[in-house]
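Peer 1: missing the sequence, but the structure's below:
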């Protein structure tokens, strides 16, 4: 991120719209903004922070307890009911793109002089690509976080007088927080935690839907398939047995037909069998016909209710409560034409006229009238059709009874023929008939078996159909299981990879940071020979070791603590830099409010000499006392932009003047 | 340095894992200012799902042991 410019409009003491262009040159990378106490350095610094992050980002406070942001002068000059707005625009480049962000606050001046805000502040971000195309960024807050996270902001945009935090003896947690935020270890920690959590969720879901159900279903399917095949095979065998027995019976009957002594009885049997076959066919047809009639005979059950409904409708019609079947429009037409239904003219006040008027008075709403007339007609068709249906069913049932009786008679006659043949004095005929009877019994038994087997086959077929559905469902679950198992594996492997990387990376970064902080501290501190070492422990204790090998941190002066903190921040900034390619650029500016307030000239000189080399871009808000003589001369060759904040006593507003 | 070091550490993992880790840490950066980021898990789930579906489509899936 490299700051290009800022435009401040009606923000605190900045009335109107004022602009500052930041130094961006690599050699002249320092922007100095001079201002005496109260001139507006902190307000300028706040404007930059407010524009990029607002008063807070999610759970992180950015601006707190600073009073009203809207310019009092702008409010004063506005008329009642006139809109007042506060706007800060910042342009910066990052990773080859140019970003323009705007935060805006709008309000309306009230009669009593106060301002009623019309809503919360708004934040917009535009990205201009290298080809000049600009388009709005859909997630500006997330994008800002990705460029410079709100939690890392305070290490790049900070108040110089308050940065001794890292040098205090109890600073380990702040140091750790800073390292985690700036060197992006926190996001690794979060990524690992979230991936671990997801892997665990996937495993739980997997446990819920798996359980070997598919295997069980497939086993059941195989068993049902085998059972059905076996039943079909047995059914086929039984059918063959019947066919064979029928052939034997045909042969026996042929022999009886050719025997002088049995021919007439066999012929009688042939005749009876044809008759029996015909009657059985008739009975079957009749049974089907009755079934069809019965399936449409539900109106028979409703007949008493239908009859009662028709009675009620008739009574109401007689009493004139419902229309008599004469449509309302028809009566209206008659009245308009003053004509009776019979065609004769009607005079006003005549009985016919009164009757027509009374018909109209008993009218109902058009649709209700139609419903009643239609219902009446429909109910009458029910009564007719149900009477016909009843008669037809009764006749069919009578015919069925007579057919059953006739079949019984034919059966009895056939039994009689069989008995006569069995009782024949001729042994051959008797034996033949006995054999025929045995074959017939075999056929009857086989038919019974076939019936049972057919039921079994139907049952297995139903079971197989259901199993197919269950298996399809289980297969779907299996696919889900495979997906969940893969997700669990990937999430866990990613979490484990991050865990491994994080510990190596965090330790690498800590060592780099320790080395860089030591190097910078040695450059900036004037008592370099007294301080032997700077250490950053694995527990993130930032320690200064003196020439006696002892901890010097408790004895550091306020200025030395500030130098140590600044060294630590500059080291983080240095380490967090990218590889400086256009596409991959992690450079960050250092924006420091009152950087040298507590520092003696030795430290000021050292910092002004070295700090421009340690930061990609440096923006300093300084008082004249902070930056004078040697310190200013040191910085001068690196200054690319310089402004002075002039506070106007008459208006209490600040004007930004380019130096 | 931060980015290069992370990239170097990631190199030892298979390409799918590198992609997942890269996308997940980018997502985490977007949500970094929230102490309890709502939605980040769903977003990570979408990343994992995308790569899991790709793994399942891969004919070599399940052959490794």
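Peer 2: Here it is on my side, so go on. Here the structure is a predicted model, which is why all the values come from computation and not from measurement.

Peer 1: who's in contact with whichever residue of the stretch 501-650 of chain A sits closest to chain B?
Peer 2: Residue of the stretch 501-650 of chain A nearest chain B, by CB to the nearest CB: residue A:501 (4.5 Å). Using the backbone N, CA and C atoms, a C-beta is placed for each residue, glycine as well. Applying CB atoms under 8 Å, 6 or more residues apart in numbering or on different chains, we find residue A:501 in contact with A:188, B:6, B:9, B:10, B:21.

Peer 1: Just the element for it, please.
Peer 2: helix A:427-524 (DSSP states H and E).

Peer 1: So which other helices or strands are in contact with the helix or strand containing residue A:254?
Peer 2: Per DSSP H and E, residue A:254 falls inside helix A:213-258. Packing partners of helix A:213-258 (3 or more CB pairs under 8 Å, 6 or more residues apart in numbering or on different chains; DSSP states H and E): helix A:263-295, helix A:427-524.

Peer 1: Of those, which stretch is the most buried?
Peer 2: Comparing the helices and strands packed on helix A:213-258 by mean neighbour count (mean count of other CB atoms under 10 Å in any protein chain shown), helix A:427-524 comes out on top with a mean of 17.

Peer 1: Report the inter-axis angle for it versus helix A:213-258.
Peer 2: With axes from the mean of the first three to the mean of the last three CA atoms, to 10 degrees as the basis, helix A:427-524 and helix A:213-258 are set at 170 degrees to each other.

Peer 1: Helix A:427-524 vs helix A:263-295, what angle?
Peer 2: Using the same axes, to 10 degrees: helix A:427-524 against helix A:263-295 is 40 degrees.

Peer 1: On the C-terminal side of the helix or strand of chain A with the lowest mean pLDDT, identify the next helix or strand.
Peer 2: In chain A, the helix or strand scored least confidently by mean pLDDT, DSSP states H and E is strand A:60-61, which has a mean of 68. Going down the chain from strand A:60-61, the next helix or strand is helix A:72-77, by DSSP H and E.

Peer 1: Just the mean pLDDT for that following helix, thanks.
Peer 2: The average pLDDT within helix A:72-77 is 93.

Peer 1: What residues of it count as buried?
Peer 2: A:72, A:73, A:74, A:75 (16 or more other CB atoms under 10 Å in any protein chain shown).

Peer 1: Residue A:652 is in contact with the first one, correct?
Peer 2: Looking back up the chat, that one is residue A:72. Yes. At 7.5 Å, residue A:72 counts as touching residue A:652 under the criterion of CB atoms under 8 Å.

Peer 1: Common neighbours of those two, please.
Peer 2: Common contact partners of residue A:72 and residue A:652 (CB under 8 Å, 6+ apart): residue A:13.

Peer 1: okay if I get the helices and strands packed on helix A:213-258 as CSV plus mean pLDDT?
Peer 2: Below are the helices and strands packed on helix A:213-258 laid out as CSV (pLDDT from 0 to 100):
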stretch, mean pLDDT
helix A:263-295, 90
helix A:427-524, 91
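
Peer 1: List just the one of those that sits closest to residue A:43.
Peer 2: Nearest of the helices and strands packed on helix A:213-258 to residue A:43, taken as CB to CB: helix A:427-524 at 28.8 Å.

Peer 1: So is whichever helix or strand comes after that closest one next to chain B?
Peer 2: On the C-terminal side of helix A:427-524, the closest following helix or strand by DSSP H and E is strand A:531-536. No. Judged by CB under 8 Å from any CB of the partner chain, strand A:531-536 stays clear of chain B, getting no closer than 15.8 Å.

Peer 1: in chain A, what spans have low per-residue confidence?
Peer 2: Chain A contains residues with pLDDT under 70 at A:57-60, A:65-66, A:130, A:169, A:210-211, A:296-300, A:320-328, A:361-370, A:381-386, A:578-586.

Peer 1: now the residue lying farthest from the centre of chain A, what's its secondary structure?
Peer 2: The centre of chain A is farthest from one residue, residue A:425, which by CA atoms, centre = their mean lies 92.8 Å away. At residue A:425 the chain is in coil, as set by DSSP: H, G, I helix; E, B strand; the rest coil.

Peer 1: ok, the residue nearest the centre of chain B - contacts?
Peer 2: Centroid check for chain B by CA atoms, centre = their mean gives residue B:20 as the closest residue, at 1.6 Å. Counting by CB under 8 Å, 6+ apart, residue B:20 makes contact with A:490, A:494, B:47, B:48, B:51.

Peer 1: let's see 10 Å
Peer 2: Residues near residue B:20 by CB atoms under 10 Å, 6 or more residues apart in numbering or on different chains: A:191, A:195, A:490-491, A:493-495, A:497-498, B:13-14, B:44, B:47-48, B:50-52.

Peer 1: Could you check how far it is from residue A:484?
Peer 2: Using CB to CB, to the nearest Å, one obtains 16 Å as the distance from residue B:20 to residue A:484.

Peer 1: try residue A:576
Peer 2: From residue A:576 to residue A:484 the distance is 38 Å (CB to CB).

Peer 1: again with residue A:374
Peer 2: For residue A:374 relative to residue A:484 (CB to CB), the value is 59 Å.

Peer 1: Could I get the buried residue list for the helix ranked longest in chain B?
Peer 2: Longest helix of chain B, by residue count under DSSP state H: helix B:40-57. Across helix B:40-57, burial judged by 16+ other CB under 10 Å covers B:40, B:41, B:43, B:44, B:45, B:47, B:48, B:51, B:52, B:55.
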